[in-house]
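Engineer: Starting from these lines, generate the structure:
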Amino acid sequence: MKNFETVTFNETVRNGSYDVLAPYTSMGKVNGIEMPILRDTGATLDLICKKYVPLSLCTNETVWIRTPLEETAVCLPIVEVELDCDFGRIITKAAVLRESLNQGRYIL
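Structural biologist: Numbering: from 1, shown residues only. Below is the predicted model of the structure:
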């Protein structure tokens, strides 16, 4: 017997019309730019796309990141960011991702 609810849900996710991260996302400001903030990811480092931060905010620090899906590591610059979100206003640091990896979210 076919489960139509599961098929419909899977099709919705595949087409991108259902945001599985929505329950974990809140609106906030990153350096004054309003954008969704994905919180509580368990990551040891915040991530932001290059298009949202001027490189003048670079701290002259870098971080090497290697994911389980890649064979090589990537060196990313670190910038200082100001977050204004549901848990207050904080100054922190984030690694800068290239624009092709933009997900439209600040990953906390």
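
Engineer: Residue for residue, what is the longest strand this protein has?
Structural biologist: Determined from DSSP state E, the single longest strand within the chain is strand 74-85.

Engineer: So what touches that one?
Structural biologist: 26-32, 37, 39, 46, 48, 53, 55, 57-59, 61-66, 89-97, 106, 108 (Cβ atoms under 8 Å, 6 or more residues apart in numbering). Backbone N, C-alpha and C define where each C-beta goes, glycine included.

Engineer: what do you get if the cut-off is 6 Å, keeping everything else the same?
Structural biologist: 28-31, 37, 53, 57-59, 61-65, 90-96 (Cβ atoms under 6 Å, 6 or more residues apart in numbering).

Engineer: Only the buried residues of it, if you could.
Structural biologist: 76-79, 81, 83, 85 (16 or more other Cβ atoms under 10 Å).

Engineer: With distance to residue 22 and pLDDT added, can I get these in JSON lines?
Structural biologist: Listed next are the buried residues of strand 74-85 as JSON lines, based on distance: Cβ to Cβ, whole Å; pLDDT from 0 to 100:
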{"residue": "76", "distance to residue 22": "27", "pLDDT": "91"}
{"residue": "77", "distance to residue 22": "30", "pLDDT": "93"}
{"residue": "78", "distance to residue 22": "28", "pLDDT": "94"}
{"residue": "79", "distance to residue 22": "26", "pLDDT": "92"}
{"residue": "81", "distance to residue 22": "23", "pLDDT": "89"}
{"residue": "83", "distance to residue 22": "19", "pLDDT": "87"}
{"residue": "85", "distance to residue 22": "16", "pLDDT": "83"}
